[in-house]
Structures are given as structure tokens and as C-alpha cells.
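A.B. asks: missing the sequence, but the structure's below:
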């Protein structure tokens, strides 16, 4: 049984038990289930049952499960649970997860919760909330282990025993000087195999990979991925250690960034809410902005056709091939823009390689145009029995395909160079541009080849 099938089974059994008001059975059902799976099962329940199922968990289970829940479910549970229950859960959350929750809550609720947190947790949360959204400072946790380099190995191990329960991750020790500046890191493997009397300064790694509090969260994710890290330390402008970003937080960042890119590529306004949990009006609002832009862009196609009505009146058969030409051009442009935007996001290509990439896509577009153009010439001749019309359609397709490849590959680089998101050059937008220019090229070639 796959993990997803297990979650679905737990959800269906949990719902049935709750409907029967068999709360003891429901509680027993959840005991052997992992917190992440419990969270997913609760999210699949009807809204009225979510708070009931959550209340069945022990305090420790509730804290762990709460961090895995979708932000919208977290917010609804805050409204359903008693104030003391909320405080117990929120106070035990890791600072970075708590900060993400507070980002979604109304300001007045955040203020009330902050005032009632323990002083240490209030300070940690306020520190994270003080950094700009989308940066390392905003996604870091302040729960880490730091030691001084003049400690011996045995002293460091004793410190780990004392403080391990208060930290989120204990795979690394972070070594700092008296001013709390980061000077090195030490893995627990190196700590365990070292001699007890050795000083940490003798065995630590001084070539530390770190990020600053204002480093973009996507860059943080790429650094952790590139160096195969479990966590990366975060320092302020004075090189003082203030937190760490863990790999689980990076996975959330990658999911968020990828979702935003996919929405933008599809011409949908990105947002923090789950699209499928939003109401119909919100869903429409996310899509209507780009659709209006594309609607205006597509009026250019209408204008071109109107201006060349006399060509179509003289050779009506030309109109039959307009959808074929603009759809093919749009498809080629969409393919080129997709591969280039993805390459830019993965840092596989950059602005310096723009000319090389555009040249490559242009040649590819030309080859595609030749292959598709030959096929279209035969098809057009078969339908119309006119070689000039067939040559017009085939030549137009070759030209439009090259234009689409150049536009699709070049415009994302142009947007990146002027500081805009390359993903704004989405498939729908590229298609609209190619539609207008494609129709214009087709009718101009028709006028020249057919001597109209």
C-alpha cells in the first residue's frame, strides 16, 4: 500500500468513526499514524470534523501535527480551539513555523498571541518577523546548537546532552567566537570520533558555507541543494550567527517557488492561498488579470485581418489556414519559452549565454519549420489544388516557426535583463504575440507570392 493510499484509508475510517461518535476508536486509529499523515487525513475531512479530530490528539501529537497542516486549516483551528489550547500549541511550535503561521493571521490575532507567548519564544518570533518576506531571515529557525572553539570535545558533548531537547536539528554544531561571529562548523560524526581532550578549534571546518539574513530564499534552497547540506547557518551583517535554515524548510520554499512559476507560466496570478481551496470569485480574480492582457493583445490579430481583408476576399482559401499557422507558431513559441524559463530558474543558463541559447533555438525552429512546412505544403496542395497557395502556407509556416522560436527564447532573457520575472513571458503571452505577427507575415507573403 502506498503512502497516499494509507492516508486515504485513515481519512475514510476516521470520518466514519467520527460520524458514529466513536471517539475512542478514532483516537486509537490515529495512534500509530505519522504526524504528517494525520495532518493530511484531517485536511481531507469535512470542515466541521477537522477540529473534532484534532482535539483527539495528545498535546505532543497536536503540536507536531499542527505544523504539517495547511495554513488555512491552521487558521480555522485557531478560531475553533479554546485560547489556552491555542497558546500551548503555538508556544511549542518552532519559531520559523510559528512565523509562517503569523504571516497568515490577522494582525490583531498575532498581537494577542505574541503577548501571551513565553519571553524566549516571543523574542525568537519577533526576530524572524522583523526580516523581509522571502529571505533567509524569514524562513530560518533560531533553535540551533552553538559552541565556542576553545571547548574540548567532551565538554561539547556534554553541552549537546543538556541543550539537544531545545534545538530543532542537532546534525551540526556551529562554532562561534566571543562576539557570536561564526567561525566554523562541526558535524556530529567528527565530534564523536574525535579524542575527548581535543579542542573544537582543532577539528572544526573553518571553510563555512553560510547565507546572510537578506539572502533570497530561492538562493538559499539552491545552496543547500548544491552542497548537499542538511542545514545552512544564517549570519547578520556583522557575521554573527542568528539562525539556521533546515532542509525541510527548503523543500517548502522550492514547492512555493515552483508553484508561483507554474502559475505565472500559465497566466494565473500567483498567491499564497491554495487555489483549489479558494472560492470561485477568488479563483476568477487570479485568472482574469492576465486574460484581460491577452484579450487586448489578441485584438492585434483582429486588426491585422481587418487591414488585409482585400487579400482574403481575393483568395478566400487563405483564411482556412490561419488557425493552423498561428496555433503551430504559438506551440513552438511556448515550447521555447518554457525550456528557457526553466533553465533560468535552475541556473543552467544565464544572461551571458543568451545569444548562444537564442541561436540554438532559432536553428531548432528553422529545422522544425522545414519539416512541418513540407508536410503542410503537401496538405494544402491536396486540399486546394493550387501550388502557389500551398507554397504560401508552407513558407509562412517556416517563417512563423523561426519567429516563434526567437521570441520564445529571447523575451525571457530580455525580461530578466531589465529586472523582471522571466516567467512573465508565459506561454499564453508568447502565443498572443506570435498570433499577431504570424497573421501579418502570412498575409504579407500571400500578397507577394500570389501577386495580389
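C.D. replies: Sure thing, it's come through. Just so you know, these numbers come straight off a predicted model, no measurement behind them.
A.B. asks: Packing partners of the host helix or strand of residue 331?
C.D. replies: Residue 331 is part of helix 322-345, with elements assigned from DSSP states H and E. Judged by 3 or more C-beta pairs under 8 Å, 6 or more residues apart in numbering; DSSP states H and E, the packing partners of helix 322-345 are helix 247-265, helix 354-384, helix 387-417, helix 427-449. Bear in mind the C-beta positions are built from the backbone N, C-alpha and C, glycine included.
A.B. asks: quick check: mean pLDDT across the third one?
C.D. replies: Which is helix 387-417. Averaged across helix 387-417, pLDDT comes to 92.
A.B. asks: quick one: buried residues of the helix holding residue 331?
C.D. replies: Buried residues in helix 322-345, counted by 16 or more other C-beta atoms under 10 Å: 322, 324-326, 328-345.
A.B. asks: Tell me if I'm right that residue 329 and residue 438 touch.
C.D. replies: Yes. Residue 329 is in contact with residue 438 according to C-beta atoms under 8 Å; the separation is 4.5 Å.
A.B. asks: what is in contact with the two at once?
C.D. replies: By C-beta atoms under 8 Å, 6 or more residues apart in numbering, residue 329 and residue 438 have these common neighbours: 400, 403-404.
A.B. asks: out of the residues you listed, who has the most neighbours?
C.D. replies: residue 404 (32 neighbours; other C-beta atoms under 10 Å).
A.B. asks: quick one: it from residue 436, how far?
C.D. replies: 12 Å (C-beta to C-beta, to the nearest Å).
A.B. asks: can you list the shared contacts of residue 329 and residue 438 in a markdown table and add distance to residue 236?
C.D. replies: Written out in a markdown table, the entries for the shared contacts of residue 329 and residue 438 read as follows (distance: C-beta to C-beta, whole Å):
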| residue | distance to residue 236 |
| --- | --- |
| 400 | 54 |
| 403 | 50 |
| 404 | 48 |
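A.B. asks: Which member of those residues is positioned nearest residue 74?
C.D. replies: Relative to residue 74, the closest of the shared contacts of residue 329 and residue 438 is residue 404; by C-beta to C-beta it sits at 44.9 Å.
A.B. asks: Contact partners for the nearest residue to residue 197 once chain neighbours are set aside?
C.D. replies: In space, residue 197 comes closest to residue 152 once its chain neighbours are excluded; the distance is 5.7 Å by C-beta to C-beta, 6 or more residues apart in numbering. Each residue near residue 152 by C-beta under 8 Å, 6+ apart is listed here: 196-200.
A.B. asks: which ones among those are found in strands?
C.D. replies: Secondary structure assignment by DSSP state E places none of the contacts of residue 152 in strands.
A.B. asks: Name the spans of the stretch 201-350 of the chain whose pLDDT lies under the cut-off.
C.D. replies: In the predicted model of the stretch 201-350 of the chain, residues 265-267, 269-279, 283 satisfy pLDDT under 70.
A.B. asks: give me that answer again for 80
C.D. replies: 255-291, 293-294, 297-298, 313, 345-347 (pLDDT under 80).
A.B. asks: any idea how far residue 321 lies from residue 223?
C.D. replies: Residue 321 sits 51 Å away from residue 223, going by C-beta to C-beta.
A.B. asks: Just want to know which of the two has more residues nearby.
C.D. replies: The neighbour comparison of residue 321 against residue 223 (other C-beta under 10 Å) goes to residue 321, with 23 against 18.
A.B. asks: pretty sure the more buried one contacts residue 390?
C.D. replies: No. Using C-beta under 8 Å, residue 321 is not in contact with residue 390, being 9.6 Å away.
A.B. asks: what residues are shared contacts of these two?
C.D. replies: Listed as contacting both residue 321 and residue 390 by C-beta under 8 Å, 6+ apart are 376, 380.
A.B. asks: Kindly report the domain assignment for the chain.
C.D. replies: The chain resolves into domains spanning 3-130, 146-247, 275-449 when parsed by automatic domain parsing.
A.B. asks: Check the offset of the shortest one from the chain's centre.
C.D. replies: On the basis of C-alpha atoms, centre = their mean, to the nearest Å, domain 146-247 sits 28 Å off its chain's mean C-alpha point.
A.B. asks: Before we move on, what's the pLDDT of the closest residue to residue 81 other than its chain neighbours?
C.D. replies: Excluding the flanking residues, the one nearest residue 81 by C-beta to C-beta, 6+ apart is residue 51, at 6.8 Å. If you check residue 51, the pLDDT there is 87.
A.B. asks: Nice, that's everything, thank you.
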